[in-house]
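> sequence first, predicted model second:
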Amino acid sequence: MTGILEGSLSEEYLTMAQLFRLNGYETVYNGSLVNKHLPMTRGFERGFNILESNDSSLIEGWNNQYKKLIENSEKGKPTFLFMHSPEVHEPHLPGHSEKHLFTDIPEIPGIPLTIEENERFALDEYREIANNILKYDSSSNRFIAQKLKQAETLESANTIFKTLSGDIQYSAISSRYFEKIKLFAPSIEYVKGLYDEEIYNLDRSLGDFFEMISHSELSKNTILIITSDHGQEFAEHGKFFHGENLYETSTRVPLIAYIPGVGERRINDLVQGIDIYPTIMSLTGVAPQSILEGIDLTGLIKGGVEAITNKYVLGEFVTQVAIREGNERYYYQKTDKGYIPEQAYNLAKDPREKNNLLTPYFKRMNELITILIAEKRLF
């Protein structure tokens with residue numbers, strides 16, 4: 001799961017794009033340049049010699065990147081392309097009010113379906129936003145909030161609101177969206193259906209992109225990797241979307257790879273997001289210039305007898321640590337006095353994590369956290 005970077009990415013970290021560029025690759029980023037979770041002005045842009053903004057037209061952007069890959073391939077120029085899409089991120093806005101594919105629930109009044117609806121506030125809502133800023137914010141936003149509070153027309157309030165910092169605007173829009181969904185249970189099922197529809201549409205777009213690659217020389221010399229930084233929760237554990245806990249609903253994500261010459265297979269071993277960097281380095285033959293976290297998954301991917309594997313994987317949050325070992329999933333509360341075992345689940349028997357087995361796993365949880373502390377694996 002990702003958080004919001006405070007400040008900029010330290011210069012001591014060499015990004016994957018920097019490493020590829022040092023090795024003669026053209027490095028291209030395609031996606032939002034202003035996404036606060038992946039700010040392309042705070043160090044993540046390092047190493048990309050092409051930054052292409054793509055906030056809306058996903059398919060057009062991917063088609064352009066396909067052309068770029070073909071062009072570079074014909075020239076014998078290696079390319080590292082990173083495409084980032086928030087297509088299935090909340091708010092879940094299908095952009096239409098027609099019959100939806102994955103829910104039979106009629107349209108629910110108040111839940112927006114388009115960007116315009118989601119970002120449209122009433123005058124009293126703007127004043128409430130202003131009051132909250134004046135109450136809790138000590139930055140330069142206070143001056144703007146005072147003007148917002150005194151706005152006499154919706155048009156002027158809307159103009160003033162857009163001069164607030166991006167974080168404040170995002171927080172105000174997101175908070176209202178969350179509150180509308182939390183009102184009653186049917187809305188949760190309805191929004192889950194909208195989420196599924198977004199996944200379906202993204203899947204089709206990916207399929208079209210893959211189809212183009214499969215019918216070209218790129219299928220013989222291009223590695224494709226698809227993943228996500230988090231899942232999505234719909235009140236299975238009392239929370240919405242992500243960023244508030246480490247349950248499987250939030251942290252289990254797809255990792256799909258196409259590698260020329262490697263047959264199709266499903267791998268059930270435990271892997272982590274930090275394993276992607278060393279794996280890509282191994283597959284491309286580019287030598288990293290420092291010790292990388294994570295393991296090289298090449299052996300697992302190619303079915304090697306002596307493949308390196310993870311004994312366990314972990315996730316860490318402000319107040320919580322989660323460890324997965326085989327089918328067991330352990331949760332600890334982070335305190336000033338250490339890590340307190342809180343919950344344990346057997347995912348083979350209880351994939352929804354409802355039956356807490358803390359007592360029978362308590363000893364093993366203490367053993368494991370001691371190992372991780374000794375290995376300095378925790379922040």
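Yes, it's here.
> biggest helix in this structure by residues?
Using DSSP state H, we find that the single longest helix of the chain is helix 185-214.
> mind listing what the residue of the chain positioned farthest from its centre touches?
Most distant from the centre of the chain: Glu152, at 39.2 Å, with distances by Cα atoms, centre = their mean. Residues in contact with Glu152 (Cβ atoms under 8 Å, 6 or more residues apart in numbering): none are found. The way it works is simple: take the backbone N, C-alpha and C, and place the C-beta from them, glycine included.
> switch the cut-off to 10 Å
Leu123 (Cβ atoms under 10 Å, 6 or more residues apart in numbering).
> so how far is Arg127 from it?
For Glu152, the distance to Arg127 equals 11 Å [Cβ to Cβ, to the nearest Å].
> can you pull out the helices in this structure?
16-22, 58-75, 115-118, 123-136, 141-150, 154-161, 166-181, 185-214, 218-221, 248-251, 276-284, 298-302, 358-374.
> Lys67 and Ile213 touch, don't they?
No - under the criterion of Cβ atoms under 10 Å, Lys67 makes no contact with Ile213, lying 11.8 Å away.
> so the two - more neighbours on which side?
Of the pair Lys67 and Ile213, Ile213 is the one with more neighbours under other Cβ atoms under 10 Å, namely 16 against 11.
> any figure for the gap between Asn310 and Glu125?
47 Å.
> same check, this time on Val321
Distance of Val321 to Glu125, given as Cβ to Cβ: 38 Å.
> got it, and Glu98?
According to Cβ to Cβ, Glu98 and Glu125 sit 28 Å apart.
> show me which of these two is the more surrounded one.
More crowded of Glu98 and Glu125, by other Cβ under 10 Å: Glu125, with 15 against 9.
> quick one: low-confidence ranges for this protein?
Applying pLDDT under 70 to the chain flags residues 1-6, 55-59, 183-185, 379.
> find the centremost residue of it, please.
Centrality entry for the chain: nearest residue to the mean C-alpha point is Asp229, 2.9 Å, by Cα atoms, centre = their mean.
> test my guess that it contacts Ser85.
No - the criterion here is Cβ under 10 Å, and Asp229 misses it with Ser85 at 11.5 Å.
> what touches both of these two?
Contacts common to Asp229 and Ser85, judged by Cβ under 10 Å, 6+ apart, are absent.
> how close does the residue farthest from the centre of the chain get to Val262?
Separation of Glu152 from Val262 (Cβ to Cβ): 65 Å.
> same question, Arg176
47 Å.
> okay, these two: which has more neighbours?
Using other Cβ under 10 Å, the more surrounded residue of Arg176 and Val262 is Arg176, with 18 against 14.
> just give the closest residue to Leu154, not the sequence neighbours.
Nearest non-adjacent residue to Leu154, counting by Cβ to Cβ, 6 or more residues apart in numbering: Leu123, 5.2 Å away.
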